[in-house]
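Asks: Sequence plus predicted model, see below.
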Amino acid sequence: MSTTPEISGYSFGEQLLDHPLASVWRGTSASGMDVVALVLSETGAADRAVRDRLAASSRIAAVQSGPAESPLWAANPNATRPYAVTQLAPGYSGAERLLDPLDGVIGNDQSAIEEVRRRLDGGGTQADSPAAGRRLWAAAIVIPLIVFVVAYSAGAAINSAAARPEPTSPKVPVPDAVQPTPLASKKVLLPGISKAGQVPLRSGVRPVSLVASTSELSPMPWDKLGLPFAMHIPGPEWLMKELEESSYSIYRQLLEAKRGTVVVAIAAHPCKGLAGCLADRTEFDARWSKRYGVAPPTTARDGQTWFSENAPEGEPYRASLTRAFLSPATGSWWLVGVAVNADPASAGTAQAILNDIRTQTS
Amino acid sequence: MQPRKLLRATGIAAGIAALAGFGIGLAAGRTQQPEDLPVARKLPADLCARLGDVSALFPGPAELQQTGRAEVRCTAEVAEAGQPTHSEARLTVVIRTHASRTGSTAADAARTEFDDKTWPVVENRPYPTKVDADEQGEDVWEIKLVTTRGDVVVEVTYYASPITQEAAQTAALAVGEKAVWEAR
């Protein structure tokens, strides 16, 4: 057995082959990489031809390594004991392949080289292959994760078992189920007011003036107010708001929408004949004036008309009207309540609206 | 890295992972058991029909339509457009069951939902009940009601015109308590 070679940067621990001209060693580099080294024996080193052959084959191994040959990593043909070093990679031939050409006869050392390969493959680890290396790295990552999960689960199970509260009873006692009262069998809604439908403007009636007004309304009809009478639309900026219909009255609000200069509140209550209307008037006035927050009219104009107005200089114009009339459209009697609130500059328009309603309820 | 060194590093990492995992699990881990999962009781598919004939609450014929099982919604509406008079009504009944949670019962969960409502409590009812009555005009009322028993919470919204507050509230209470009975 040859003495362990001493090559700077490498350490060798296992001799794989002891040939008369050279020995093959397995070792590691300073970085921890497995290597194979071929080192000439004293006999080989003394033979100039052998040294030259090693130098020649080393150059070839350095620049023309084959597909299954590890490239040369280090070589020194001029050392006391010339050597060549390659990486040890399973499935790849290393520095041992440089043995065969040393004696000048190619092929006579094949069995020795195969013995080296066998020992390298058997003694080396398959993990050195790239695929095995990837598997080893994957295992190195996965195993700690699995261990963590298992340990976490164990800890969580112990914690949950210790912390799990006992089943509790409701904080508030659950009352016994009680057989419910039957749902109502009679209608719970109050009787609704019959719909007036579309009501045309009354044509050919004599205009009636409650108050003097120089303003004129548009000729366009407002005939779908849901009220028992129609009226003229005061202007293009006017809107109608359908308020509610109670069991007693229909409520509508008309307003000048652009600047809010005029607001007209209207209520209509069906009654049974003129006598019924007269009997209902006090309650009707109380209801609709409360609904709109206005004062009901106090002055009788005739047997069916009550009117009040309040127009202090420079202050908003306010007026209210209650009128009992027979609606030709519905064929029934109605009480109509109207309250207007207008800027002083728009008082004329408010007065024209009042006159129009009075006329349409003739 | 050499396999031997990698194996050693893996072993050290696994040891640290075991200690860390066990410690974190012990400190903050919770395991879920089937009883921990919030599964609310399913309600009958014909629950709305079981509430009975609600036509009296409407100006015309009406029938409750049901959607949902875990949260049943019964709705009916008679719009004014189809009526000869100025009358309309809408009714919505929502029946919801709650699931028990860790540390509390289903009844507690239902009670919490009930308690979240800030409406006035109605006394002398068979179940805890709250009602919100909103006057939306003369003889126009929208009644909102919530009542609970056990894991069940019932919400009723009844809008009708024209109607008195008393009639609307009485009708909503009857519907709500009927729903509790049928969902018991």
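Replies: In hand now; what should we look at?

Asks: tell me which element residue 44 is part of?
Replies: Looking at chain A here, since you left the chain open. When elements are assigned from DSSP states H and E, residue A:44 belongs to helix A:42-46.

Asks: hmm, who's touching that helix?
Replies: Helix A:42-46 has contacts (CB atoms under 8 Å, 6 or more residues apart in numbering or on different chains) with A:20-22, A:50-51, A:54, A:80-82, A:102. Where C-beta positions appear, they are placed from N, C-alpha and C, glycine not excepted.

Asks: Let's have those in a markdown table, adding distance to residue A:312.
Replies: Listed next are the contacts of helix A:42-46 as a markdown table, based on distance: CB to CB, whole Å:
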| residue | distance to residue A:312 |
| --- | --- |
| A:20 | 139 |
| A:21 | 135 |
| A:22 | 131 |
| A:50 | 136 |
| A:51 | 133 |
| A:54 | 129 |
| A:80 | 132 |
| A:81 | 130 |
| A:82 | 129 |
| A:102 | 133 |
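
Asks: Let's see which of those end up in helices.
Replies: Counting by DSSP state H, the contacts of helix A:42-46 place A:50-51, A:54 in helices.

Asks: Is it possible to mark the buried ones in those residues?
Replies: Those of the ones in helices among the contacts of helix A:42-46 that meet the buried threshold are A:50-51, A:54, by 16 or more other CB atoms under 10 Å in any protein chain shown.

Asks: picking that back up, out of the contacts of helix A:42-46, which two sit at the greatest distance?
Replies: A:20 and A:80 (17.8 Å; CB to CB).

Asks: So, low pLDDT: which residues of the stretch 151-300 of chain A?
Replies: A:163-168 (pLDDT under 70).

Asks: Tell me where it has strands.
Replies: Assigned by DSSP state E, counting those that start in this stretch, the strands in the stretch 151-300 of chain A fall at A:221-222, A:231-232, A:238-245, A:250-256, A:262-271, A:299-302.

Asks: ok now the helix or strand of chain B with the lowest mean pLDDT, how far from the chain's centre?
Replies: The weakest-scoring helix or strand in chain B, judged by mean pLDDT, DSSP states H and E, is helix B:3-28 (a mean of 87). Distance, stretch centre to chain centre, for helix B:3-28: 47 Å (CA atoms, centre = their mean, to the nearest Å).

Asks: Buried residues of the helix or strand following it, list them for me.
Replies: Later in the chain than helix B:3-28, the nearest helix or strand by DSSP H and E is helix B:47-50. Neighbour-count burial for helix B:47-50 flags B:47-48, B:50 (criterion: 16+ other CB under 10 Å).

Asks: Check stretch A:332-339 too.
Replies: Per 16+ other CB under 10 Å, stretch A:332-339 contains these buried residues: A:333-339.

Asks: Tell me the one of those residues nearest chain B?
Replies: Of all the buried residues of stretch A:332-339, residue A:337 has the smallest distance to chain B: 12.9 Å, by CB to the nearest CB.

Asks: so that closest one is in which element?
Replies: strand A:332-342.

Asks: orientation of that strand relative to strand A:250-256 in degrees?
Replies: Counting by axes from the mean of the first three to the mean of the last three CA atoms, to 10 degrees, strand A:332-342 lies at 30 degrees to strand A:250-256.

Asks: tell me what the least confident helix or strand of chain B is packed against?
Replies: If you count contacts as 3 or more CB pairs under 8 Å, 6 or more residues apart in numbering or on different chains; DSSP states H and E, helix B:3-28 packs onto helix A:130-163.

Asks: by contact count, what packs against the helix it packs on?
Replies: Short answer (3+ CB pairs under 8 Å, 6+ apart): helix A:130-163 packs on helix B:3-28.

Asks: Can you give me the buried ones in the helix it packs on?
Replies: Those would be B:6-7, B:10, B:13-14, B:17-18, B:20-22, B:24-26, for helix B:3-28 by 16+ other CB under 10 Å.

Asks: try stretch B:164-181
Replies: Per 16+ other CB under 10 Å, stretch B:164-181 contains these buried residues: B:167-169, B:171-181.

Asks: now the strands for chain B?
Replies: B:65-67, B:71-78, B:88-97, B:129-137, B:140-149, B:152-161 (DSSP state E).

Asks: and among those strands, the most buried is which?
Replies: strand B:152-161 (a mean of 24; mean count of other CB atoms under 10 Å in any protein chain shown).

Asks: What pairs with that one, parallel or antiparallel?
Replies: strand B:88-97 (antiparallel), strand B:140-149 (antiparallel) (DSSP bridges).

Asks: returning to that earlier point: most neighbours among the contacts of helix A:42-46, which one?
Replies: residue A:22 (30 neighbours; other CB atoms under 10 Å in any protein chain shown).

Asks: Report the beta-bridge partners for that residue.
Replies: Going by DSSP bridges, residue A:22 is paired in beta bridges with residue A:40.

Asks: hang on, it packs against residue A:99?
Replies: Yes - applying CB atoms under 8 Å, one finds residue A:22 in contact with residue A:99, separated by 5.8 Å.

Asks: Could you list every helix and strand that the host helix or strand of residue A:309 packs against?
Replies: With secondary structure defined by DSSP H and E, residue A:309 is part of strand A:305-310. Where contact means 3+ CB pairs under 8 Å, 6+ apart, strand A:305-310 is packed against strand A:299-302, strand A:317-327.

Asks: Paired strands for it, with orientation please.
Replies: Strand A:305-310 has these strand partners (DSSP bridges): strand A:299-302 (antiparallel), strand A:317-327 (antiparallel).

Asks: for that strand, which positions count as buried?
Replies: A:305-309.

Asks: Also stretch A:13-33?
Replies: Per 16+ other CB under 10 Å, stretch A:13-33 contains these buried residues: A:15-17, A:19, A:21-27, A:29.

Asks: so which pair among those residues is furthest apart in space?
Replies: Across the buried residues of stretch A:13-33 (CB to CB), the longest gap, 24.5 Å, separates A:21 and A:29.

Asks: how far away is the most centrally placed residue in chain B from chain A?
Replies: Centroid check for chain B by CA atoms, centre = their mean gives residue B:96 as the closest residue, at 3.1 Å. Distance of residue B:96 to chain A, given as CB to the nearest CB, to the nearest Å: 16 Å.

Asks: And stretch A:181-197, what's buried?
Replies: Neighbour-count burial for stretch A:181-197, with 16+ other CB under 10 Å as criterion, is recorded at A:183-184, A:187-190, A:192-193, A:195-196.

Asks: Alright, I will stop here.
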